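1. structure, please.
(one chain, ligands or ions: 1)
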Amino acid sequence: MCPYFLNHMDNNVIEDVRNRLSVASSVTILTGAGISAESGVPTFRGEDGLWRNYRAEELATPQAFKRDPVLVWEWYNMRRERLSDIEPNQAHYALARLEKRVGDFTLITQNVDGLHEKGGSRNIIELHGNIWRVRCTGCGGIKENHDVPIDIPPYCMDCGGLLRPHIVWFGEMLPDDVLSSAYSALEICKIMIVVGTSGIVQPAASMAYTAKRAGAYVIEVNLEMTPNSGIVDRTIIGKAAEILPLLI
Ligand code: OAD
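-> Below you'll find the predicted structure:
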């Protein structure tokens with residue numbers, strides 16, 4: 001089906017999606033950096049995107065951490081500091097409201113900023129981890145850590161091993177349990193909304209297709225067209241913090 005590109009003032013389309021959502025028994029959401037943009041969190045690939053200013057391979061890979069854990073932790077300290085006083089926006093809050101009224105609701109996010117949880121969402125699958133958690137490179141233990149800044153380099157209280165951010169870096173596999181919960185949610189949902197992701201990084205990039213193939217009605221909300229736009233039922237062009245409250 002040809003996607004429908006919407007100027008968000010088109011009330012018929014908003015109404016149609018609202019009606020579908022109001023009776024949906026099962027909804028899965030996929031979010032990317034764009035949903036946090038209006039909270040002031042930089043995206044990765046936009047004009048001021050993080051990967052424009054920093055080289056991912058020097059900071060977000062296991063090799064970089066092995067070579068220079070202090071440098072990698074300094075970068076994460078900078079990001080933690082920027083995120084520490086940032087609040088969720090109307091898009092995060094709208095998804096938390098939707099979760100309360102849909103029986104079967106799953107929010108899959110690529111974001112590590114923790115803003116969905118802060119905004120009230122509960123059934124969250126964090127594909128790429130969470131910047132507010134640390135993982136021991138020795139015993140594998142995972143702990144919440146909200147220190148800003150974190151002492152560098154941080155060590156595990158249990159085994160003394162070096163701690164790393166609990167984030168999936170480039171070249172690393174996503175944990176099996178995380179992936180299988182995400183695919184279950186994609187395969188059973190009746191409606192999927194894909195919000196603020198460039199649709200470039202796998203496996204998230206093909207999740208809209210997975211849900212579509214399993215029979216879901218798929219809506220995309222983004223500032224621009226993406227590789228997902230060709231396979232979804234509707235692409236709504238606009239800011240997540242404006243569009244999601246209209247839909248929900
Ligand atoms: P990107 O930075 O690649 O894409 C952000 C998307 O959000 C773009 O398609 C923008 O058009 C859109 N966007 C920006 N502002 C928006 C707004 N206000 N409302 C709606 N859409 C908006 O971010 P991701 O797709 O999340 O991985 O990137 C995927 C992964 O690549 C990240 O999780 C990260 C990165 O490398 C890791 O760090 C492992």
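2. after the top strand by length along the chain comes which helix or strand?
-> What stands out as the longest strand in the chain, according to DSSP state E, is strand 129-136. From strand 129-136 onward toward the C-terminus, using DSSP states H and E, the following helix or strand is strand 142-144.
3. got the residues of this structure near the ligand?
-> Within the chain, the positions near the ligand by C-beta under 6 Å from any ligand atom are 32-34, 37-38, 43-46, 49, 60, 110, 128, 168, 196-198, 200-201, 221-224, 226, 239-240. To be clear about C-beta, it is placed using only N, CA and C from the backbone, and glycine gets the same treatment.
4. about what we covered before: who does the longest strand of the chain pair up with?
-> strand 142-144 (antiparallel), strand 163-167 (antiparallel) (DSSP bridges).
5. which stretches of the protein form helices?
-> 11-23, 50-53, 56-59, 62-67, 69-84, 90-101, 115-118, 176-188, 207-213, 240-247 (DSSP state H).
6. ranking these by mean pLDDT, which is last?
-> Among those, helix 50-53 carries the lowest mean pLDDT, a mean of 76.
7. how about the strands paired with strand 129-136 in TSV, adding mean neighbour count and mean pLDDT?
-> Shown next, in TSV, are the strands paired with strand 129-136 (neighbours: other C-beta atoms under 10 Å; pLDDT from 0 to 100):
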stretch	mean neighbour count	mean pLDDT
strand 142-144	13	97
strand 163-167	22	98
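8. quick revisit: let me know the angle separating the longest strand of the chain from helix 69-84.
-> Orientation of strand 129-136 against helix 69-84 (axes from the mean of the first three to the mean of the last three C-alpha atoms, to 10 degrees) gives an angle of 140 degrees.
9. so for strand 129-136, mean pLDDT?
-> The model assigns strand 129-136 a mean pLDDT of 98.
10. what lies in contact with that strand?
-> Outside strand 129-136, the residues that touch it by C-beta atoms under 8 Å, 6 or more residues apart in numbering are 76, 79-80, 83, 112-114, 141-146, 150, 154, 156, 158-159, 161-168.
11. ok, now stretch 42-61?
-> Identification of contacts with stretch 42-61 by C-beta under 8 Å, 6+ apart yields 32-34, 37, 63-64, 71-72, 75, 167, 169-171, 196, 198, 200.
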